[in-house]
Structures are given as structure tokens and as C-alpha cells.
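Peer 1: what's the 3D shape of this:
(one chain, ligands or ions: 2)
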Amino acid sequence: MPKVLISDKMDPKAAQIFRERGVEVDEITGKTPEELKAIIGDYDGLAIRSSTKVTQEILDAAPNLKVVGRAGIGVDNVDIPAASARGVVVMNTPFGNSITTAEHAIALMFALARQLPEADASTQAGKWEKNRFMGVELTGKTLGLIGAGNIGSIVADRALGLRMKVVAFDPFLTPERAIEMGVEKVSLDDLLLRADFITLHTPLTDQTRNILSAENLAKTRRGVRIINCARGGLIDEAALKQGLESGHIAGAALDVFAVEPAKEHPLFGTPNFVSTPHLGASTTEAQVNVAIQVAEQMADFLVSGGVTNALNMPSLSAEEAPRLKPYMALAEKLGSLVGQLSHGELKNIAIESEGAAAELNQKPIVGAVLAGLMRVHSDTVNMVNAPFLAKERGLDVREVRHDREGDYHTLVRVTVGTAQGDRSVAGTLFGNSAPRLVELFGIKVEADLAGNMLYIVNEDAPGFIGRLGTTLGEAGVNIGTFHLGRREAGGEAILLLSVDEKVSEELLAKVRALPGVKTAMALSF
Ligand SMILES: NC(=O)C1=CN([C@@H]2O[C@H](COP(=O)(O)OP(=O)(O)OC[C@H]3O[C@@H](n4cnc5c(N)ncnc54)[C@H](O)[C@@H]3O)[C@@H](O)[C@H]2O)C=CC1
Ligand SMILES: O=C(O)C(=O)COP(=O)(O)O
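Peer 2: Ligands and ions are numbered 1, 2, ... in the order given. Next up, the predicted model:
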């Protein structure tokens, strides 16, 4: 039974769903990285929010880990390249808390416009400072949106409802989408110049880090109010403090900080500064949404191989997964076969599908071929890291879907480009479930690719099979199945034998010494 650790506070629905889906679950929150390292080795899945940092070190201590599920959106607390390299799928729940977070940004905008936190503190302190708190109206003001994705577009929609004008900076926002959203697409400089309020809704990446730098903050109009419900690293916090103290910035509200938890901070106590402790996603509704989604996605993956919302792997629905499973087994075997039979550097690989196979999602088939191919050189390769490794090695991967119907109702062909030219293998599914090799390097040969096998290329001549049988028999090696193919009578023949034990180097040398043998290799699947 797969085992999942929930390491950040999550709605109880998550644990309930894991259990209902046959996944064992432990909820152990608040652990230090050292404590997490000590226990993570037992788990197949790790369900997190933003507190747990999934670092290379944690991943190194997690040999069984197959999936990290983020109950939320931002995954900057997960080392995705390290997870990919270890073959760990990373998934998030991209929509479950977006409305809630957008509402928090709007709430903070009102808090700044009307100085609500300070007015509340003053009133409850019995001061009744009616003349101290003079606010500003939102109607007619310009909201500058940095990042116009899911959350940004909800913020825009609510701001337009408040009769604000919305300008947006987002390099990936198309003019059509901007029109649809009712916002004006502008450059960052233009936004900084025009906005009365600025709100940030980008992920934290190398491009967005420090996007509101000291230099950019200096370009804002005097009296600007800034809201950040995205990630701490997006703003230069020291420059923000200076701007607030000088009065250039009329207000700033941060839900997120460069270092969290922010229990002490130079900004605390600065005039017109409002803060919340990373509460953007903290509503009952959002937490139920993300808990259900993450548990369902992780259980799908661990129980049936379905992949949804993965950041380092193509999607594969739980409905598709059973249909694709035999194809992935076939693809992996074909990849492994070409990998074992091809020596030297591979330049390119083409994965072609015909018949029923061509109607399926190709990405998992391609991933499985690459995993089979790369696993020949490393045990730790799987479908997650194989495409990355292939890219790293400069392997050009081509995916071709044919409309044509061939001799088989379904066929997957794998062709690798080697220094000696292209080499191709093809396979089908018998009864829609049993992977079967049907062609090897242009020769028709039918075989199960399973267990230990012996591959021989020889000159097709009478008496060879008898001599081979004797050689194997004398070495005490039992033949399970025997498959034969040839280009033409008396030409080159291929033999694929399944044998009950691994063929030793010594035996291979004896086989190679038999008259007519051109190649003999041990294979394993
Ligand atoms: N405070 C909180 O509790 C929460 C914070 N978040 C944060 O909000 C972020 C945004 O979430 P979504 O809107 O769902 O993500 P999203 O992926 O839908 O939108 C992000 C937008 O940022 C844009 N972007 C990327 N690079 C940019 C750049 N250099 N300059 C300007 N725009 C750029 C993208 O084109 C995209 O449209 C998350 O990555 C997460 O860090 C999300 C949920 C809760
Ligand atoms: O979903 C996100 O990106 C968030 O920042 C929410 O964080 P949390 O799950 O509340 O720790």
C-alpha cells in the first residue's frame, strides 16, 4: 500500500481521501528539515503547503519518494530540477485557492485605502481619532497589475467591479486576452508611472525576483500603494521601507515576505505598513478545495498512474492511464531493446505510432520509450527524468503519429539514429494488453521481451540451431522461448531466445565462436 506524509497543516479532507483511496497516510507537521530527513525515507508521497522546503537534501533522503503534491499554487519551496532528476513528480493545485487569494489582495487594497488596521487599533485603544484617518476612494483610481494569470485576472475583474481602471504588465498576456479581461496591457515602466495601486501576482522566478527593485520603486508615482500577495522576493523590502518613511509610498501591504515565517522584520512598525502572515490562501473554502485536489491527484498517481497538474511531467488522466499502461510497457521494452542493442552515441530518436496507438496521448508513450532507453545506463531513470536526461545529452526526440493502417491494428516503432545509420524496432499489443516485438532492424521477428534473453545474428545455414542448443545445454542454460527471423533464405538471420538465467560472458564467448555467428548479446528486460 503506498504511503504518504502530510507535512504541512492541511484540511482533514486530504487524509480522509487518501485513506478512502487505499493510501496509508501520516500527518506530521512542523518538523525541522533534519527531522523531516529522518522520516521521509518511508514515504512514496509527500503532501505540502508552503512551509515544507523540498530541497535536494530532503530528496536525497527519500529513495522511495515518487510524488510531491503542493496543496496550493506556488512551488518555489520545491527544488523542481532536483525532483525531476530523481524522477519525482511534482504537482500543484493551480486553481483551488485563486479566488481566495485574489480576495485577500482586494481586502488589503481596502485596508490600505482606509487605513483599517491602524484605525481599528486606535479605536479599540479608546482614542476615537476621527480626524487622523483620512482615506482615499478606489473608484476612478488606476490599479497596476503585475502578473495577469489566474489570480491577477480575478483581481482585475473585482477591481473593474469597483470602477477602477486596470493596467497590466505581463509579458505573456496576449492583446486578445487583455481585451477580454477589460485591462490595458502596458510596459512595466508605464505601469509604474501610472498606477495609484500596484498589486503583484507573478510566481517567484529568476525573471520576477526583485521586480519591484529600489530603482523600479523610485519610478512609481508619489502616493502609490503597493500590495503583495504573491511572493516575498518580488519586492526590495529595504527600499519599500525607505519609500514608506519618506512618504513617497503612501501604503504597503504584504502577505508574503522574503524570509518566512517573518517573526521579526524591519518593516514592522513602519507607518502605513500592513501585514498578514501568508494568509492569501487561508479560507475554509480554498483549503478544502486544495486538500481534496491534492489528495485526489496524488492518490490517482500512486494507485493508478494518472498524472494531473504535474509541473515536470505530461498529464495522463486516471481514465487514460489503464488504456495507456500496456502501451507504456511496450514503449519501455522497445526503448530498452534499442538502448541495449545500440552502441555509441545516439543522435536522434523517432517514436512513431500507427493504428490504435496513434489515437492515444503520445507524451507518456514517448516518456516510456526514453525511460527504457536511458535506464540501460542508469537505474534511477523513470518517465519523469528521462526526457530531461535526453535533452541534457542532446538527443533530438521526434514524435510521429501516422494516419495509415498497417499490418497491425496498433503499432509503436522506435528508430534511433546512430553513427552506423538508423536502426528501428517495432512492437504491437496482442489482445490489447500483451506487448510483443514484431520487427527488429528491418527483420520480422515476433517475441515477448521479458526476463533474460539472448540476441544472435548469424548466417542462415543448416545445423546452426542444433549447435546453439547443444552449446547452451552443455552450459546448463535452459531455453524458454525461441524466436527466429530472417531477411531471406540463406541471408542474415536473427535469433531471440528467452533463457531461464542470465547468460554469462563465458557462454557468450562460446556462442560467438560458433560458425556463422556475427553478433551475440545478452539482453534483460
Ligand atoms: N499569498 C498566498 O497565499 C498565495 C500566493 N500565490 C502566489 O501567486 C502567484 C500567482 O498565482 P497564479 O495567478 O495562480 O499564477 P499564474 O501562473 O496563473 O499567473 C502568473 C502570471 O505571472 C505572469 N508572469 C510570469 N513572469 C512574469 C514577469 N516576469 N513579469 C510579469 N508577469 C509575469 C505569467 O505570465 C502569468 O500570467 C503564485 O505563483 C504564488 O506564488 C498563490 C496562491 C496563494
Ligand atoms: O498557494 C500558494 O502559492 C500559497 O502561497 C499558499 O500558501 P499556503 O498553502 O497557505 O502556505
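
Peer 1: ok, and the closest non-adjacent residue to the residue in the stretch 401-525 of the chain that ligand 2 sits nearest to?
Peer 2: Residue of the stretch 401-525 of the chain nearest ligand 2, by Cβ to the nearest ligand atom: Arg401 (36.3 Å). Bear in mind the C-beta positions are built from the backbone N, C-alpha and C, glycine included. Distance criterion Cβ to Cβ, 6 or more residues apart in numbering; nearest residue to Arg401, sequence neighbours excluded, is Ala358 at 4.4 Å.

Peer 1: Helix, strand, or coil at that neighbour?
Peer 2: At Ala358 the chain is in helix, as set by DSSP: H, G, I helix; E, B strand; the rest coil.

Peer 1: what do you get for Val136?
Peer 2: Taken by three-state DSSP, the conformation at Val136 corresponds to coil.

Peer 1: Now for it: which residues touch it?
Peer 2: Counting by Cβ atoms under 8 Å, 6 or more residues apart in numbering, Val136 touches 113, 196.

Peer 1: change it to 6 Å
Peer 2: By Cβ atoms under 6 Å, 6 or more residues apart in numbering, the residues touching Val136 are Ala113.

Peer 1: where does it sit relative to Val155, distance-wise?
Peer 2: 18 Å (Cβ to Cβ, to the nearest Å).

Peer 1: what about Ile151, how many neighbours?
Peer 2: Using other Cβ atoms under 10 Å, Ile151 is surrounded by 28 other residues.

Peer 1: wait, isn't it in contact with Ala102?
Peer 2: Yes. The pair Ile151 / Ala102 is scored as a contact, 5.0 Å apart, by Cβ atoms under 6 Å.

Peer 1: so where does Phe482 fall, helix or strand?
Peer 2: Assigned by DSSP states H and E, Phe482 belongs to strand 479-486.

Peer 1: and the lengthiest helix in the chain, C-alpha only, in CSV?
Peer 2: Ranked by number of residues, the top helix in the chain under DSSP state H is helix 320-341. What follows is helix 320-341, C-alpha atoms only, in CSV (Å, rounded to 0.1, in the frame of the first residue of the first chain):
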residue,chain,number,x,y,z
GLU,A,320,-6.5,7.2,-19.8
ALA,A,321,-3.9,5.5,-17.5
PRO,A,322,-5.3,1.9,-17.7
ARG,A,323,-5.5,2.1,-21.5
LEU,A,324,-2.0,3.6,-21.8
LYS,A,325,-0.4,1.2,-19.3
PRO,A,326,0.2,-1.7,-21.8
TYR,A,327,1.5,0.8,-24.4
MET,A,328,3.9,2.3,-21.8
ALA,A,329,5.1,-1.2,-21.0
LEU,A,330,5.6,-1.9,-24.8
ALA,A,331,7.2,1.5,-25.3
GLU,A,332,9.6,0.9,-22.4
LYS,A,333,10.6,-2.5,-23.7
LEU,A,334,11.2,-1.1,-27.2
GLY,A,335,13.3,1.7,-25.8
SER,A,336,15.2,-0.7,-23.7
LEU,A,337,15.8,-3.0,-26.7
VAL,A,338,17.2,-0.3,-28.9
GLY,A,339,19.2,1.0,-25.9
GLN,A,340,20.8,-2.4,-25.3
LEU,A,341,21.5,-3.1,-28.9
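
Peer 1: Would you mind pulling up the elements that that helix packs against?
Peer 2: Helix 320-341 is packed against helix 362-375, strand 410-418, strand 421-430, strand 434-440, with contacts defined by 3 or more Cβ pairs under 6 Å, 6 or more residues apart in numbering; DSSP states H and E.

Peer 1: In CSV, list these along with distance to Thr519.
Peer 2: CSV is the format used below for those (distance: least, Cβ to Cβ, whole Å):
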stretch, distance to Thr519
helix 362-375, 20
strand 410-418, 14
strand 421-430, 13
strand 434-440, 12
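
Peer 1: most tightly surrounded among those?
Peer 2: Among these, helix 362-375 has the highest mean neighbour count (mean count of other Cβ atoms under 10 Å), at a mean of 25.

Peer 1: And the closest residue to ligand 1 within the stretch 301-450 of the chain, how far from Asn478?
Peer 2: Closest contact between the stretch 301-450 of the chain and ligand 1, by Cβ to the nearest ligand atom, is at Leu311 (10.9 Å). As for Leu311, its distance to Asn478 is 48 Å (criterion: Cβ to Cβ).

Peer 1: Between these two, which has more neighbouring residues?
Peer 2: More crowded of Leu311 and Asn478, by other Cβ under 10 Å: Leu311, with 16 against 10.

Peer 1: can you give me phi and psi for the more buried one?
Peer 2: phi -90, psi -10 (degrees, to the nearest 10).

Peer 1: circling back: tell me the first helix or strand C-terminal of the strand holding Phe482.
Peer 2: Heading C-terminal from strand 479-486, the first helix or strand you meet, by DSSP H and E, is strand 492-499.

Peer 1: What angle do strand 434-440 and that next one make with each other?
Peer 2: 150 degrees (axes from the mean of the first three to the mean of the last three Cα atoms, to 10 degrees).

Peer 1: what residues does the chain put near ligand 1?
Peer 2: Within the chain, the positions near ligand 1 by Cβ under 6 Å from any ligand atom are 72-74, 94, 97-98, 101, 146-152, 169-172, 201-203, 207-208, 229-231, 255-256, 278, 280-281.

Peer 1: Put the buried members of the residues you listed into a PyMOL selection.
Peer 2: In PyMOL, this line selects whichever of the residues of the chain next to ligand 1 come out buried by 16 or more other Cβ atoms under 10 Å:
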select buried, resi 72+73+74+94+97+98+101+146+147+148+149+150+151+152+169+170+201+202+208+229+230+231+255+256+278+280+281
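
Peer 1: which of the residues of the chain next to ligand 1 are close to ligand 2?
Peer 2: Among the residues of the chain next to ligand 1, the ones lying near ligand 2 by Cβ under 6 Å from any ligand atom are 72-74, 97, 278, 280-281.

Peer 1: Make CSV from these and add secondary structure and pLDDT to it.
Peer 2: Listed next are these as CSV, based on DSSP: H, G, I helix; E, B strand; the rest coil; pLDDT from 0 to 100:
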residue, secondary structure, pLDDT
Gly72, coil, 97
Ile73, coil, 95
Gly74, coil, 93
Asn97, coil, 97
His278, coil, 97
Gly280, coil, 98
Ala281, coil, 98
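
Peer 1: Might you report the residue contacts of the closest residue to Lys502 other than its chain neighbours?
Peer 2: Once flanking residues are discounted, Lys502 sits nearest to Asn452: 5.1 Å by Cβ to Cβ, 6+ apart. The contact partners of Asn452, by Cβ under 6 Å, 6+ apart, come to 499, 502, 524.

Peer 1: and the gap between Ser213 and Val259?
Peer 2: With distances taken as Cβ to Cβ, Ser213 is found 18 Å from Val259.

Peer 1: Tell me which of the two has more neighbours.
Peer 2: Legend: neighbour count by other Cβ under 10 Å for Ser213 and Val259, higher for Ser213 (14 against 11).

Peer 1: how about the nearest residue to that one, chain neighbours excluded?
Peer 2: Among residues not flanking Ser213 along the chain, Asp236 sits closest, at 5.1 Å (Cβ to Cβ, 6+ apart).

Peer 1: ok, the one you found touching Glu215?
Peer 2: No. In this structure, Asp236 is not within contact of Glu215 by Cβ under 6 Å, at 8.7 Å.

Peer 1: quick one: which of the two has more around it?
Peer 2: More neighbours surround Asp236 than the other of Asp236 and Glu215, with 19 against 11 (other Cβ under 10 Å).

Peer 1: Next, the contact list for the more buried one, please.
Peer 2: Applying Cβ under 6 Å, 6+ apart, we find Asp236 in contact with 210, 213-214.

Peer 1: go with 7 Å
Peer 2: Residues near Asp236 by Cβ atoms under 7 Å, 6 or more residues apart in numbering: 210, 212-214, 217.
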